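K.L.:
need a 3D model of the sequence below.
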Amino acid sequence: MPNIPVFLRLMAALLCLSAGAQAQDRRTVTEPSLPSRVCTTLQPRAGSGNEAARLQAALDACPSGQALKLQSGPLGARFVSGPLRIPSGVTLWIDRATTLAASTNPADFDNGSGQCGLIDSNGRACKALITLDNADGSAIVGDGEILGQGDQPMLGRSETWWQLARRAQREGGKQNAPRLIQINQSRNIVLYKVRLRNAPNFHVVLDQVRGFTAWGVVIDTPADARNTDGIDPGASEDITITHSSIRTGDDNVAIKALRGPSRYISVLDNHFYAGHGMSIGSETHAGVSDVLVRNLTLDGTTWGLRIKSDADRGGLVERVRYENVCLRNNRWPISLVTQYAKAGSGQFVPQYRDITFSRVRGQGGELVLQGFDAAHPHSVLFDGVQFDASASWKLSHTQTDNT
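P.N.:
Numbers count the residues shown, from 1 in each chain. A predicted model of the protein is given here:
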């Protein structure tokens with residue numbers, strides 16, 4: 001029988017106590033503030049349709065260190081837009097009771113292939129609503145909302161972006177749908193207070209970002225909206241996600257490492273609702289390390305604390321600490337698997353080591369820790385882990401220590 005900790009029965013109400021571990025992000029992260037300098041304030045125009053050209057012109061004219069502020073006015077509270085690019089050093093401020101809504105016209109987001117809004121084998125034909133490329137010190141802030149309209153029919157069609165994604169799943173292809181926010185090769189980026197809702201595809205994707213803070217962000221998209229990840233740091237380092245609430249139809253947070261390593265990541269003081277949990281993977285080829293997940297409640301996520309990969313995309317995941325985590329109503333509260341895609345094969349063997357679960361508390365469900373093989377076992381420490389007696393455990397190729 002595997003060496004596993006003693007599990008204690010918990011009452012339905014679970015209490016997470018504060019903890020004193022240091023964050024893995026190497027920066028000193030404090031709460032951001034709203035901008036003190038505004039270059040331009042815009043209000044919606046009546047009947048103007050897609051306002052991308054007007055918004056982009058204002059962003060391009062805004063000096064570094066200042067903000068373009070969008071606010072409601074006598075003619076409305078909603079700006080409709082196609083793709084926007086935020087310049088380096090510029091802040092997009094969406095004021096309270098103001099919405100920046102994505103256009104429902106696939107042609108507005110098409111990257112030139114003519115496939116946006118269709119199904120193909122790649123799924124890369126759409127631009128994001130908001131893109132930051134090679135930016136330093138840019139931000140998206142405010143008490144307003146960015147609305148993806150993934151639940152609305154695409155212009156001239158009866159099918160929504162989410163229905164397109166489900167059809168792609170049935171037919172075996174990939175949907176071409178726009179992400180909400182895409183951040184590439186950038187530094188010192190901030191998301192503060194803004195609400196992100198109903199993205200057609202992923203909400204926030206980081207690719208090779210050095211220094212990113214999401215503070216007080218709300219992501220709210222239904223559980224049945226396919227491929228609507230919350231925040232996905234990829235090939236990125238010095239990342240903090242804190243004081244945020246995330247409900248999605250896929251991973252609430254997913255740390256990936258394909259185009260480079262992901263490391264020094266802190267996920268602190270958050271609440272996750274529906275979604276696929278606090279994930280690492282599935283792409284871990286370049287390595288994931290130095291991750292701290294602290295003071296997290298997962299209410300009704302399908303998976304809870306999850307590391308997933310396989311031999312066609314795997315790599316080393318190490319020095320990951322889960323501390324003070326409350327799990328409620330999860331099918332798989334803990335899941336460390338190395339055969340994520342059943343057909344996945346190759347030479348990129350996933351290996352998870354120095355993984356610590358400290359003061360992790362849950363109810364029932366199935367807890368799965370399955371290493372790749374005897375030569376590549378999981379190395380896991382349990383410290384004060386407590387689950388109901390009804391919880392079942394599946395362990396293989398896993399070395400555990402208990403305190």
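K.L.:
surely residue 388 meets residue 361?
P.N.:
No: using CB atoms under 8 Å, residue 388 is not in contact with residue 361; the gap is 9.8 Å. To be clear about C-beta, it is placed using only N, CA and C from the backbone, and glycine gets the same treatment.
K.L.:
got any ranges where the stretch 251-400 of the chain has weak pLDDT?
P.N.:
342-344 (pLDDT under 70).
K.L.:
about what we covered before: so between residue 388 and residue 361, which is more surrounded?
P.N.:
residue 361 (21 against 16; other CB atoms under 10 Å).
K.L.:
for that one, name its beta-bridge partners.
P.N.:
residue 326, residue 386 (DSSP bridges).
K.L.:
helices of this protein, start to end?
P.N.:
52-61, 106-109, 161-171 (DSSP state H).
K.L.:
next, the buried residues of the longest one.
P.N.:
Neighbour-count burial for helix 161-171, with 16 or more other CB atoms under 10 Å as criterion, is recorded at 161, 162, 163, 164, 165, 166, 168.
K.L.:
what's around the nearest residue to residue 197 once chain neighbours are set aside, how many residues?
P.N.:
Among residues not flanking residue 197 along the chain, residue 220 sits closest, at 4.9 Å (CB to CB, 6 or more residues apart in numbering). As a burial measure, residue 220 scores 17 neighbours (other CB under 10 Å).
K.L.:
what's near enough to touch residue 220?
P.N.:
195, 196, 197, 198, 245, 247 (CB atoms under 8 Å, 6 or more residues apart in numbering).
K.L.:
show the pLDDT at residue 4.
P.N.:
The confidence metric pLDDT takes the value 33 at residue 4.
K.L.:
so what sits opposite the residue nearest to residue 197 in the bridge?
P.N.:
Bridge pairing for residue 220 - DSSP bridges - gives residue 197, residue 247.
K.L.:
about what we covered before: out of the contacts of residue 220, who has the most neighbours?
P.N.:
residue 196 (27 neighbours).
K.L.:
doesn't residue 217 make contact with that residue?
P.N.:
Yes: with contact defined as CB under 8 Å, residue 196 counts as touching residue 217 (6.9 Å).
K.L.:
for residue 63, the count of nearby residues, please.
P.N.:
So residue 63, with other CB under 10 Å, has 10 neighbours.
K.L.:
what are the ranges of the strands in the stretch 101-250 of the chain?
P.N.:
In the stretch 101-250 of the chain, strands defined by DSSP state E, counting those that start in this stretch lie at 119-120, 130-133, 139-141, 145-147, 174-175, 181-184, 187-192, 195-197, 204-207, 210-215, 218-220, 231-234, 237-242, 245-247, listed in chain order.
K.L.:
let's have those strands in a markdown table, adding mean pLDDT.
P.N.:
Formatted as a markdown table, these follow (pLDDT from 0 to 100):
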| stretch | mean pLDDT |
| --- | --- |
| strand 119-120 | 98 |
| strand 130-133 | 99 |
| strand 139-141 | 99 |
| strand 145-147 | 98 |
| strand 174-175 | 98 |
| strand 181-184 | 99 |
| strand 187-192 | 98 |
| strand 195-197 | 98 |
| strand 204-207 | 98 |
| strand 210-215 | 98 |
| strand 218-220 | 98 |
| strand 231-234 | 98 |
| strand 237-242 | 98 |
| strand 245-247 | 98 |
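K.L.:
adding distance to residue 253, write these out as a markdown table.
P.N.:
Putting these into a markdown table (distance: least, CB to CB, whole Å) gives the following:
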| stretch | distance to residue 253 |
| --- | --- |
| strand 119-120 | 27 |
| strand 130-133 | 19 |
| strand 139-141 | 18 |
| strand 145-147 | 18 |
| strand 174-175 | 22 |
| strand 181-184 | 14 |
| strand 187-192 | 13 |
| strand 195-197 | 13 |
| strand 204-207 | 10 |
| strand 210-215 | 9 |
| strand 218-220 | 10 |
| strand 231-234 | 5 |
| strand 237-242 | 6 |
| strand 245-247 | 7 |
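K.L.:
residue 289 is nearest to which of these?
P.N.:
Smallest distance to residue 289 across those (CB to CB): 9.6 Å, for strand 237-242.
K.L.:
closest one to residue 179 out of the buried residues of helix 161-171, please.
P.N.:
residue 161 (10.9 Å).
K.L.:
which residues are in contact with the spatially closest residue to that closest one that is not a sequence neighbour?
P.N.:
Nearest residue to residue 161 in three dimensions, chain neighbours excluded: residue 200, at 3.6 Å (CB to CB, 6+ apart). Taking CB under 8 Å, 6+ apart, we find residue 200 in contact with 102, 148, 149, 150, 161, 162, 177, 178, 179, 180, 228.
K.L.:
repeat for residue 237
P.N.:
209, 210, 261, 262, 263, 264, 265.
K.L.:
neighbour-wise, which of the residues you listed leads?
P.N.:
Busiest of the contacts of residue 237 [other CB under 10 Å] is residue 262, holding 30 neighbours.
K.L.:
beta partners of that residue?
P.N.:
Beta-bridge partners of residue 262, as defined by DSSP bridges: residue 288.
K.L.:
find the nearest non-adjacent residue to residue 376, please.
P.N.:
residue 351 (4.7 Å).
K.L.:
what's the local residue count around that neighbour?
P.N.:
Neighbours around residue 351, by other CB under 10 Å: 21.
K.L.:
for residue 113, same thing?
P.N.:
13.
K.L.:
what of the one 3 residues further on?
P.N.:
Residue 116 is flanked by 22 other residues according to other CB under 10 Å.
K.L.:
spit out the contact partners of it.
P.N.:
106, 107, 109, 110, 125, 126, 127, 176, 177, 178.
K.L.:
residue closest to the middle of this structure?
P.N.:
For the chain, the residue nearest the mean C-alpha position is residue 231 (1.7 Å; CA atoms, centre = their mean).
K.L.:
touching, that one and residue 241? I think so.
P.N.:
Yes: between residue 231 and residue 241 there is a contact under CB under 8 Å: 5.8 Å.
K.L.:
hmm, back to that, which member of the contacts of residue 237 is positioned nearest residue 346?
P.N.:
For those, the nearest to residue 346 is residue 261 (18.9 Å; CB to CB).
K.L.:
isn't that closest one right next to residue 255, touching?
P.N.:
No: between residue 261 and residue 255 there is no contact under CB under 8 Å: 10.5 Å.
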